[in-house]
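Asks: Need coordinates for the below:
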Amino acid sequence: MTDSSSHGAAPAPIRFAVLGAGGMGALHVSSIAAFPDATVTWVADVDAARAERLAATVGAQTTTSMEEALASGEVD
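Replies: Below is the predicted model of the structure:
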């Protein structure tokens, strides 16, 4: 068995979608952003403008459709 950590390559960050861009969504985005091995790739909310404002804080994509985010292949 080989230890993958001995190869020196950092693991790819875990990619998250945050569903809902209200107060709790903002808390989730900031919490995820605090971890170097995690990234927010999508923010989904029925209010597109609210999703865009929150997503802009971390460079994520936005959608009003949870299904679009999950089907993107950019969420782990």
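
Asks: Tell me where this structure has helices.
Replies: For the chain, the helices defined by DSSP state H occupy 23-33, 48-56, 66-71.

Asks: Give me the buried positions along the second one.
Replies: The neighbour-count check on helix 48-56 (16 or more other C-beta atoms under 10 Å) flags 50-51, 54-55 as buried. For glycine as for every other residue, the C-beta is placed from the backbone atoms N, C-alpha and C.

Asks: what sits against the residue nearest the centre of the chain?
Replies: The chain has Val40 as the residue nearest its centroid, 1.8 Å off, counting by C-alpha atoms, centre = their mean. Counting by C-beta atoms under 8 Å, 6 or more residues apart in numbering, Val40 touches 15-18, 29, 32-33, 55, 58, 60.

Asks: Repeat that for Pro13.
Replies: Shown in contact with Pro13 (C-beta under 8 Å, 6+ apart): 36-39.

Asks: same thing with Pro36?
Replies: Neighbour list for Pro36: Pro13 [criterion: C-beta under 8 Å, 6+ apart].

Asks: My guess is Ala51 contacts Gln61. True?
Replies: No - between Ala51 and Gln61 there is no contact under C-beta atoms under 8 Å: 9.3 Å.

Asks: list the residues that contact both of those two?
Replies: Common neighbours of Ala51 and Gln61 (C-beta under 8 Å, 6+ apart) are Val43.

Asks: Ala69: how many residues sit nearby?
Replies: For Ala69, the count of nearby residues is 23 (other C-beta atoms under 10 Å).

Asks: what separates Trp42 from Pro13, distance-wise?
Replies: 14 Å (C-beta to C-beta, to the nearest Å).
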